[in-house]
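Peer 1: Compute the structure for the input listed below.
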Amino acid sequence: MHFQLLPGAPESPVLLHVPHAARAIPQAVRDGISLDDAALQDELDQLTDAHTDTLAEQAAAAAAVTPWRFVNRLSRLVVDPERFPDEREEMRAVGMGAVYTHTSRRARLRPADTDPKPLIDAYFEPYAQAVTDAVEDRLAATGRAVLVDVHSYPSRALPYELHGDGVRPPICLGTDAFHTSAELLGHAERAFAPCGGTAVNSPFAGTYVPLRHYGRDPRVGALMIEIRRDLYRAEPGGRAGPGLGPLAAALARLVGALS
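Peer 2: Residues are numbered from 1 along each chain as shown. As a prediction, this is how the structure comes out:
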């Protein structure tokens, strides 16, 4: 399976969502990518939120009430499960909708005549349904669900970023007007305050909510955590450093406040 739901405590409403930590690309998908191997590895270095799966794992282990985790095991270069699959997605303007046609440097990733539908059908739709099911399960078990999206981002803007001229704080908190309450945002700001400071919706805004619930179900809370990569590893690629521990502790504090 190209994604994994890792169970938490039955009473926990929290679902840590880790969509961009993996580098794996099935060979059939690789065959449709135009980059040579060296260029592909460089693109993976640029776009992979490396070690965010480890961060979520450590936070879950440290939390008093274990959260649930939903982890993508394939690269976002296969499909990006967090994009809108239609014209609502603003990143289509730079060739980075649900199926990327261009790289982070705006070079061609896939041939111009690539049909995205097979990838949407094979990877995007099953993933979206599984996250929806996981949220429904938390709603049925606890009466609410809180999606915490775990990401990282580069300290310097990449050419694909539509809003890269904004401030790049140690921790960016992405919010949604419907699904991110002031209370939820406040918990995150306090939890991550020891990590160097936070900003809201800069340089990345918004957060992931399944389309079935998006803008409709107030029982679903959501928040995006974007961690600047130089806090815990060398860029663009690199092993996790000692900064990962304090970040995991901060995420565990947030989980505790939401449980």
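
Peer 1: switch to C-alpha atoms for all contacts and neighbour counts from now on
Peer 2: OK.

Peer 1: What separation do you get for the closest residue to Tyr153 other than its chain neighbours and Val220?
Peer 2: Spatial nearest neighbour of Tyr153, excluding adjacent residues (CA to CA, 6 or more residues apart in numbering): Arg228 at 5.0 Å. The spacing between Arg228 and Val220, counted by CA to CA, to the nearest Å, is 26 Å.

Peer 1: For those two, indicate the residue with more neighbours.
Peer 2: Counted by other CA atoms under 10 Å, Arg228 and Val220 do not tie: Val220 has more neighbours, with 24 against 20.

Peer 1: State the phi and psi torsions of the nearest residue to that one once chain neighbours are set aside.
Peer 2: Nearest non-adjacent residue to Val220, counting by CA to CA, 6+ apart: Ala145, 4.9 Å away. The phi and psi values for Ala145, taken as degrees, to the nearest 10, are phi -140, psi 140.

Peer 1: how about Ala145, what does it touch?
Peer 2: Counting by CA atoms under 8 Å, 6 or more residues apart in numbering, Ala145 makes contact with 13-15, 135, 138-139, 219-221.

Peer 1: next one: His2
Peer 2: So His2 contacts 72-74, 123 (CA under 8 Å, 6+ apart).

Peer 1: Reformat those residues into JSON lines and put secondary structure, pLDDT and distance to Ala93 next to each item.
Peer 2: Below are the contacts of His2 laid out as JSON lines (DSSP: H, G, I helix; E, B strand; the rest coil; pLDDT from 0 to 100; distance: CA to CA, whole Å):
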{"residue": "Asn72", "secondary structure": "strand", "pLDDT": "98", "distance to Ala93": "24"}
{"residue": "Arg73", "secondary structure": "coil", "pLDDT": "98", "distance to Ala93": "26"}
{"residue": "Leu74", "secondary structure": "coil", "pLDDT": "98", "distance to Ala93": "24"}
{"residue": "Tyr123", "secondary structure": "helix", "pLDDT": "98", "distance to Ala93": "22"}
